[in-house]
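Student: no sequence for this one, just the structure:
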């Protein structure tokens, strides 16, 4: 028989306590690593093979986080008494997992769906695990100190880019533009060249993240970790004789973190920070009043949010943009396309990680860029996971916040229960462990090129590894000194500060996707766990003590091990095996050992049977081989066809595979005799399929028009040529709107644009 009972004081076994310290140290090392190494957001395409190592890195960390939870569960159940603190994340998490399974099964690209889900799920599971571990104020303070110290590191990196790196890059570009453009595959004096210059001369500051908005989001979280530590010093000034020194140190370090936020020049992050500060300031000034009228305040905020949403949608519908600069113009286009996507996939969504493949179908023809995310975390989850997924994701975040707002009165802390000795014992140990982790792990991820000279390697090691770790150590020491005071969270001030920081991040991500950047999401999850853990301590929430029978313990352990096996067998292992062979295949192609390359890519496709990009890459190698061989070996085209058909089978939505199939059949049509019309017909069919999946591409419409004309389908050719002209004209109108006075760079190409006009005149019988 098993039974449930509650007990306020639950003594954990010594082994479990040691294990929890190890798990907490590993989680903080992972958070530090992700905050100091650029990692692609989980919402972006996970199957682009231009940087396959990024997938291995992200999936490895996700597997480690999942494995830590499995180990904690297994150890707890082996102890015959499971002590569990209800986090309120559980209901939303269950709903989100169900929605992810449904959306993943209906996804066109199941490799992207599986990987994206694992990368998003792992930090959420970390919340549940950390709440169990953060059962003392000393442990919570260590997490806050780590997040704040990483904010100092981010500020250092942003400052280095702002004052030095960006200017140096501009000077190098001005001296020799082709040297910087060619490695990026950007043609000189093209539209992509213009966008590159625009980004370069804007001198964006992104720190250790992919965008300045992501750097701003992380700085926002770190700022509030620093602020609550600073406020805690002030709250304890009567009982701490050295509070002034602590306040100065914490204030100076906190100023550095906020400065890092400001120099990112992320408008969304700064607005979110200011909104959160206004909320926190209001709580500090009118906390008692707000607590008494919290129901009214929550209803007012909900009504305000609904009214704001209606105003935004109404304004956008009338003006075809949002108020603000060019960034808000394009965001409305992203949101409008996402709304159409949601309407077509109302129940399941397009699948995790599949937004990038579906977006071209809904993209506004005049829009300048194709994006991998709608730049709104609500729409991002809704389009990919469906309404059920959005409900679950919001439940994961908002239900704990709701419980915090409507909590019972806090329990008065016990006399002398300050946790200072416990804090002093662990903060030094954790600081040393994290610094060693950075020194060991970052060189494994950020490798110095083997071609560099000895002196260059030494300089790079100092800049990449030693200096970053030293800055973290200084920041950690400053905030650790500030945290060496009695108690934390007294009067719910710290809980309120973390609450406001979480809300500020959500506000920012109404116009961005930074929350999905792994470093930001991991830090966000850590602070959410701190918020829940402190709140449970503050209200005296009883932990659940469960004494399951042997059969139940064995079943739970087996299920937990099964989850970890699934994450490895279907996520990390296939990707790792295929990526290793892809790298070897690239080297083989570089040395023109094509047979070896094809064999390696074929094996990689077998290792990862869900990934369509491998077969597509193999087809591209065959095509390049055919062109370089004088276009004489038709067998190469048939092999390209076979691989592209396999890529289409694995992902029927991506227009690129149909575009390449049209190219293959067009080449076969040129070489074939009696079967020429058959191949030309297939070429047109696939060109039309590509244009259908990307109706906003003038290039694809023009290619479909040419393909139709080869078959003698004048009417269809005329329609596609007109479509190409409409798309190019719409693009030029938006270009003039966004960049008035600048020279227009044709996206279709000036030659094709004029050719399309000429063909329309000839096919329609219009006079020149």
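Tutor: Thanks, I have the structure now. Because the structure is a prediction, the values reported are computed rather than measured.
Student: Report all helices and strands that the longest helix belonging to the chain contacts.
Tutor: Using DSSP state H, we find that the single longest helix of the chain is helix 377-405. Secondary-structure packing of helix 377-405 (3 or more C-beta pairs under 8 Å, 6 or more residues apart in numbering; DSSP states H and E): helix 90-105, helix 110-133, helix 326-344, helix 355-362, helix 493-508, helix 518-538. C-beta here means a position set from N, CA and C on the backbone, and glycine is covered the same way.
Student: Kindly present the ones you listed as JSON lines, with separate columns for mean neighbour count.
Tutor: Compiled in JSON lines, the helices and strands packed on helix 377-405 are given as follows (neighbours: other C-beta atoms under 10 Å):
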{"stretch": "helix 90-105", "mean neighbour count": "18"}
{"stretch": "helix 110-133", "mean neighbour count": "25"}
{"stretch": "helix 326-344", "mean neighbour count": "18"}
{"stretch": "helix 355-362", "mean neighbour count": "23"}
{"stretch": "helix 493-508", "mean neighbour count": "24"}
{"stretch": "helix 518-538", "mean neighbour count": "26"}
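Student: Quick one: closest of those helices to residue 74.
Tutor: Across these, the minimum distance to residue 74, taken as C-beta to C-beta, is reached by helix 110-133, at 12.4 Å.
Student: wait, which of the helices and strands packed on helix 377-405 is closest to residue 448?
Tutor: helix 518-538 (21.7 Å).
Student: remind me which residues of the stretch 651-768 of the chain are low pLDDT?
Tutor: Where the stretch 651-768 of the chain drops to pLDDT under 70, the residues are 672-673, 766-768.
Student: Break this protein down into its domains, please.
Tutor: Following automatic domain parsing, the chain resolves into domains at 3-553, 576-764.
Student: Let me have the helices and strands packed on helix 377-405 in JSON lines, extended by mean pLDDT.
Tutor: Output for these, formatted as JSON lines (pLDDT from 0 to 100):
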{"stretch": "helix 90-105", "mean pLDDT": "96"}
{"stretch": "helix 110-133", "mean pLDDT": "94"}
{"stretch": "helix 326-344", "mean pLDDT": "92"}
{"stretch": "helix 355-362", "mean pLDDT": "95"}
{"stretch": "helix 493-508", "mean pLDDT": "93"}
{"stretch": "helix 518-538", "mean pLDDT": "92"}
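Student: Which parts of the chain are strands?
Tutor: 3-7, 82-84, 543-547 (DSSP state E).
Student: and those, which one's lowest on average pLDDT?
Tutor: Across these, strand 3-7 has the smallest mean pLDDT, namely a mean of 44.
Student: if we can go back for a sec, Throw the domains of the chain into a markdown table and include distance to residue 561, thanks.
Tutor: Shown next, in a markdown table, are the domains of the chain (distance: least, C-beta to C-beta, whole Å):
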| stretch | distance to residue 561 |
| --- | --- |
| domain 3-553 | 6 |
| domain 576-764 | 20 |
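Student: what about these, which gets the closest to residue 570?
Tutor: By C-beta to C-beta (comparing all of the domains of the chain), the closest turns out to be domain 3-553, at 6.1 Å.
Student: which residues of the stretch 401-550 of the chain score low on pLDDT?
Tutor: Looking along the stretch 401-550 of the chain with the criterion set at pLDDT under 70, you get 408-419, 486-491, 540-542.
Student: that older thread, out of the helices and strands packed on helix 377-405, which is closest to residue 438?
Tutor: So among these, helix 518-538 is nearest, using C-beta to C-beta, at 13.4 Å.
Student: Who are the packing partners of the closest one?
Tutor: Using 3+ C-beta pairs under 8 Å, 6+ apart: helix 518-538 touches helix 14-35, helix 110-133, helix 137-160, helix 212-235, helix 377-405, helix 493-508.
Student: Mind doing that once more with 10 Å?
Tutor: With contacts defined as 3 or more C-beta pairs under 10 Å, 6 or more residues apart in numbering; DSSP states H and E, helix 518-538 has these neighbours: helix 14-35, helix 53-78, helix 110-133, helix 137-160, helix 212-235, helix 377-405, helix 493-508.
Student: the inter-axis angle of the third one versus strand 543-547?
Tutor: For helix 110-133 against strand 543-547, the angle between stretch directions is 100 degrees (axes from the mean of the first three to the mean of the last three C-alpha atoms, to 10 degrees).
Student: Over to the shortest one?
Tutor: Counting by the same axes, to 10 degrees, helix 493-508 points 90 degrees away from the direction of strand 543-547.
Student: Show me what helix 493-508 is packed up against.
Tutor: Going by 3+ C-beta pairs under 10 Å, 6+ apart, helix 493-508 lies up against helix 137-160, helix 212-235, helix 267-292, helix 377-405, helix 518-538.
Student: And the ones you listed: which comes nearest residue 261?
Tutor: Taking C-beta to C-beta, helix 212-235 is the member of the helices and strands packed on helix 493-508 nearest to residue 261, at 3.6 Å.
Student: Would you mark the buried spots in that closest one?
Tutor: Buried residues in helix 212-235, counted by 16 or more other C-beta atoms under 10 Å: 212-233, 235.
Student: again with stretch 743-751
Tutor: 745, 746, 747, 748, 749.
Student: same deal with stretch 168-186?
Tutor: 173, 177, 180, 181, 186.
Student: Would you format these as JSON lines with distance to residue 685 included?
Tutor: Formatted as JSON lines, these follow (distance: C-beta to C-beta, whole Å):
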{"residue": "173", "distance to residue 685": "44"}
{"residue": "177", "distance to residue 685": "41"}
{"residue": "180", "distance to residue 685": "41"}
{"residue": "181", "distance to residue 685": "36"}
{"residue": "186", "distance to residue 685": "32"}
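Student: Switch these over to a markdown table; also include distance to residue 466 and pLDDT.
Tutor: Shown next, in a markdown table, are these (distance: C-beta to C-beta, whole Å; pLDDT from 0 to 100):
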| residue | distance to residue 466 | pLDDT |
| --- | --- | --- |
| 173 | 29 | 77 |
| 177 | 34 | 79 |
| 180 | 28 | 75 |
| 181 | 33 | 74 |
| 186 | 34 | 73 |
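Student: quick one: residue 271 from residue 367, how far?
Tutor: 24 Å (C-beta to C-beta, to the nearest Å).
Student: More neighbours: those two, which one.
Tutor: Neighbours per residue (other C-beta atoms under 10 Å) separate residue 271 from residue 367, with residue 367 holding more: 19 against 16.
Student: The longest helix of the chain versus helix 326-344: what angle between them?
Tutor: 90 degrees.
Student: angle of helix 377-405 against helix 267-292?
Tutor: Interaxial angle, helix 377-405 versus helix 267-292 (the same axes, to 10 degrees): 30 degrees.
Student: for helix 377-405, which positions count as buried?
Tutor: Buried residues in helix 377-405, counting neighbours by 16+ other C-beta under 10 Å, are found at 377-386, 388-397, 399-401, 403-404.
Student: Contact partners for the closest residue to residue 316 other than its chain neighbours?
Tutor: Once flanking residues are discounted, residue 316 sits nearest to residue 332: 4.6 Å by C-beta to C-beta, 6 or more residues apart in numbering. Taking C-beta atoms under 10 Å, 6 or more residues apart in numbering, we find residue 332 in contact with 312, 313, 315, 316, 317, 319, 320, 321, 322, 323, 324, 364.
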